[in-house]
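>>> Okay, structure incoming, though there's no sequence with it:
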């Protein structure tokens, strides 16, 4: 049996009891835990599956069980916006001087045109090789990097200035920054505001990575506005933007 | 402290270790577990929160911690479709002779127009009162009902015939039925096919409730088609519909 066990959002206590039993089973059989990073999964999958293939059956029929767990795709509901009102999720990658992929913009615009919220997942670079080391086949890895809210918002605004779709206007677009969702007190941070307000916050406001960002859509209920207001950089401008720009019926 | 603990998808083993510790804490303090159903949450919230308010502070500042867990919103990925390609989620309620709310159709159409998949959550009626008992204020409850895949597909087709948007055409629309996602072997069922193929299956094919349904969108990768094909009622028609109707590049 080949188990895929969701570890959850934050630390070792986020595993489910069902998942933990599988790990205990593993300890019972005397197998070691091997941390499978992206490089291993992508280039050494044969090695990973070798022991699962005890009975000399083809790879495709090895039994697989998934033990589900929370992910940012549902835990994002902690920001107070209805999960029903989220459209497709997008990823935002680190821009370089020469590479600024902006297809996320089309996806956010599709959501925005329907009034839907967008969850933006921010790039992580863990165990990545530099271009030179990659070209030379040297397995020397760069230090890990996690995209911050500040960098993400800055990249969004950069592409808005290029594309001019009017969907990521710094003073008129509401967003909610989420850090370490589900983490213990002091770890989890939720900060809401216009893009320009989020951009002007000192980095420590957002806490440690991982960070995620929600772009608020116009299909917005006043209860969503009022709940997320509790996390606002500036409650006044949060409400007035929701009312005047988003057209949300507030008192 | 007022804890909201995700219990996960299926049974008591789906709670996380973090969630379990909170329950143990509760046992330690000698509190009873109270099953809070919808009626209780909606009409007796004061009672629920009474003990959380030990320090005589206002309700709004009672500390609340959420212990996240899996939900159908992310576990639906088990069907093989990319979570990135899902649009907004919709709910489908039990139709009656006089009440057939169809706003879900507009939402599915918005998703379909963008090529996105739609997760359709099926109605459950638990501890609901009949209209007569509701009118008379009698707390007598109907037996629980859970919408089946068969009924859901039938309702979708009924509304397609009414609205004629061409997004839920019985022979041309692919869908994936999911039952008891994350459940143990024999519990979880995944069945893929056209709407008419799903409609013609005997009920036992879909197993016990809860059921959920995915309407497949046109932004479809051949790997998604090939993965979901393993659950197909009829592999030939699954592939040919994906290729000829959806325009997916398959061998």
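That came through fine. Worth saying up front: this structure is predicted, and the values here are computed from it rather than measured.
>>> C-alpha from now on. contacts and neighbour counts both.
Noted.
>>> can you tell me the helix or strand for residue A:118?
Using DSSP states H and E, residue A:118 sits within strand A:118-122.
>>> quick one: contacts of that strand?
Here strand A:118-122 makes contact (Cα atoms under 8 Å, 6 or more residues apart in numbering or on different chains) with A:73, A:76, A:86-93, A:108, A:111-112, A:146-148, A:152, A:211-217.
>>> Apart from its neighbours in sequence, what residue is nearest residue A:144?
residue A:126 (4.5 Å; Cα to Cα, 6 or more residues apart in numbering or on different chains).
>>> meant to ask about residue A:129, not that
Residue A:129 sits nearest to residue A:141 (Cα to Cα, 6+ apart), 4.7 Å away.
>>> And for residue A:232?
In space, residue A:232 is closest to residue A:192, 4.4 Å off (Cα to Cα, 6+ apart).
>>> The one you found: neighbour count?
Residue A:192 has 25 neighbours, counted by other Cα atoms under 10 Å in any protein chain shown.
>>> three-state assignment of it?
strand (DSSP: H, G, I helix; E, B strand; the rest coil).
>>> partner residues bridging it?
residue A:176, residue A:232 (DSSP bridges).
>>> Let me see the domain layout of chain A.
A:2-67, A:72-244 (automatic domain parsing).
>>> Starting from the strand holding residue A:118, tell me which strands it pairs with and how they run.
So strand A:118-122, judged by DSSP bridges, has these partners: strand A:90-92 (parallel), strand A:211-215 (antiparallel).
>>> Could you tell me how far that strand lies from the centre of the chain?
Remark: strand A:118-122 is offset 5 Å from the chain centroid, using Cα atoms, centre = their mean, to the nearest Å.
>>> and it, average pLDDT?
For strand A:118-122, mean pLDDT rounds to 98.
>>> Following element in sequence after that strand, please.
Next along from strand A:118-122, by DSSP H and E: strand A:124-125.
>>> Show me what that following strand is in contact with.
With Cα under 8 Å, 6+ apart as the criterion, strand A:124-125 contacts A:93, A:144-147.
>>> now swap in stretch A:225-234 and tell me
A:79-81, A:176, A:190-193, A:197-198, A:235, A:238-239, A:242.
>>> and chain A, which residues reach chain B?
A:8, A:13-19, A:66-71, A:73-75, A:83-90, A:110, A:114, A:116, A:182 (Cα under 8 Å from any Cα of the partner chain).
>>> picking that back up, how many neighbouring residues does the residue nearest to residue A:144 have?
15.
>>> who's in contact with it?
So residue A:126 contacts A:142-145 (Cα under 8 Å, 6+ apart).
>>> what's the neighbour count on the residue of the stretch 101-250 of chain A found nearest chain B?
Closest residue of the stretch 101-250 of chain A to chain B, Cα to the nearest Cα: residue A:182 (6.4 Å). Neighbours of residue A:182 under the rule other Cα under 10 Å: 25.
>>> ok, the residue nearest to residue A:129 - how many residues close by?
14.
>>> right, and it touches residue A:134 too?
No: counting by Cα atoms under 8 Å, residue A:134 is not a contact partner of residue A:141; they are 9.4 Å apart.
>>> Lowest average confidence across helices and strands of chain A, where is it?
helix A:45-50 (a mean of 70; mean pLDDT, DSSP states H and E).
>>> Low-confidence regions, chain A specifically.
For chain A, the stretches flagged by pLDDT under 70 are A:1-2, A:25-38, A:48-49, A:51-63.
>>> just the helices in it please.
A:17-28, A:38-43, A:45-50, A:72-75, A:103-113, A:131-135, A:149-163, A:195-199, A:222-229, A:235-244 (DSSP state H).
>>> from the chain's centre, how far out does the last one sit?
Going back to what we said before, that points to helix A:235-244. 26 Å.
>>> Report the angle between it and helix A:222-229.
Counting by axes from the mean of the first three to the mean of the last three Cα atoms, to 10 degrees, helix A:235-244 lies at 160 degrees to helix A:222-229.
>>> circling back to that earlier point, so which of the strands paired with strand A:118-122 is the most surrounded?
Highest mean neighbour count among the strands paired with strand A:118-122 (mean count of other Cα atoms under 10 Å in any protein chain shown): strand A:211-215, with a mean of 24.
>>> can you list contacts of it?
A:117-122, A:146-149, A:173-180.
>>> Can you give me the buried ones in stretch A:171-185?
For stretch A:171-185, burial by neighbour count (16 or more other Cα atoms under 10 Å in any protein chain shown) applies to A:172-183.
>>> do the same with stretch A:185-205
A:188-199.
>>> And stretch A:94-106, by the same measure?
Going by 16+ other Cα under 10 Å, stretch A:94-106 has these buried residues: A:94, A:102, A:104-105.
>>> Dump the residues you listed into CSV; add distance to residue A:248 as well.
Below are the buried residues of stretch A:94-106 laid out as CSV (distance: Cα to Cα, whole Å):
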residue, distance to residue A:248
A:94, 34
A:102, 29
A:104, 26
A:105, 24
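>>> Pick out whichever of those residues sits closest to residue B:224.
Of all the buried residues of stretch A:94-106, residue A:104 has the smallest distance to residue B:224: 20.8 Å, by Cα to Cα.
>>> didn't that closest one look like it was pressed against residue A:88?
No: applying Cα under 8 Å as the test, residue A:104 and residue A:88 come out as separate, 10.2 Å apart.
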